[in-house]
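Coordinates for the following, if possible.
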Amino acid sequence: MRRWLPLLLTLLVACAGPSSNEVPLGYVAPAAFGRTLTLTQQITVAAMGETRSFEAVVAIDPERVDLAALAMGRRMIAVHLDASGLREDRSPLLPDAVSGARILRDLQLAYWPREALAAALPAGWTVEEGERSRDVLLNGASILHIEYSGEPRWRGRTTLEHRRFGYRLTIESDEA
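Numbering: from 1, shown residues only. Presented below is the predicted three-dimensional model:
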């Protein structure tokens with residue numbers, strides 16, 4: 001776990017402070033996803049010349065989203081989003097800057113329908129899509145670039161590149 005902390009801390013601290021280059025931390029309603037789905041995921045984080053992986057399970061239904069992130073077989077973060085808001089339960093081993101909320105935000109940006117994301121983003125932010133890609137832009141500049149290996153977009157490999165903060169998430173997903 002100690003080898004993980006410097007990478008996760010640096011990655012998520014880069015996203016922690018207020019910045020006009022960061023995608024706002026707003027959440028899109030679970031119902032906007034449009035279906036019930038449970039995914040098992042292997043998420044690889046590449047930042048600062050280092051690469052680390054962890055497992056996640058994401059359960060989505062019209063009422064809620066539940067996310068559990070596991071490192072070395074231990075639950076590190078559990079996030080629950082429903083109409084009453086966001087709740088996060090975290091391992092005391094994690095520094096405060098490590099945020100399940102940010103993991104959920106990146107997953108929503110990758111997998112929720114473009115129309116739902118566009119409606120939730122503040123002025124100046126837009127979402128553009130290609131056949132196997134998505135860009136989240138601020139005033140026309142791509143902040144996040146996302147590529148998909150196929151359809152549906154949550155099955156297979158998704159690569160999310162944060163162009164301003166210099167990290168990449170590679171997400172291998174399968175329906176549970």
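
Kindly list the main-chain dihedrals of D106?
Backbone torsions of D106, given as degrees, to the nearest 10, read phi -60, psi -40.

Provide a list of residues in contact with it.
Counting by Cβ atoms under 8 Å, 6 or more residues apart in numbering, D106 makes contact with 144, 160, 169. (C-beta placed from N, C-alpha, C; glycine too.)

Is V127 in contact with R134, as I believe?
Yes: using Cβ atoms under 8 Å, V127 makes contact with R134 at a distance of 6.5 Å.

Can you mark which positions in stretch 139-149 are buried?
143-148 (16 or more other Cβ atoms under 10 Å).

same check, this time on stretch 125-144
Buried residues in stretch 125-144 (16+ other Cβ under 10 Å): 125, 127, 134-138, 143-144.

Which of those fall within helices?
Members of the buried residues of stretch 125-144 lying in helices (criterion: DSSP state H): none.

Which members of those are the farthest-apart pair?
Using Cβ to Cβ, these span at most 14.4 Å, a distance reached by R134 and L138.

which one of the buried residues of stretch 139-149 is nearest V65?
Nearest member of the buried residues of stretch 139-149 to V65, counting by Cβ to Cβ, is I146, at 18.2 Å.

follow-up on the earlier one: which neighbours do V127 and R134 share?
R114.

Check what pLDDT the spatially most central residue of the chain gets.
Most central in the chain under Cα atoms, centre = their mean is D106, positioned 2.2 Å from the mean C-alpha point. For D106, the pLDDT comes out at 90.
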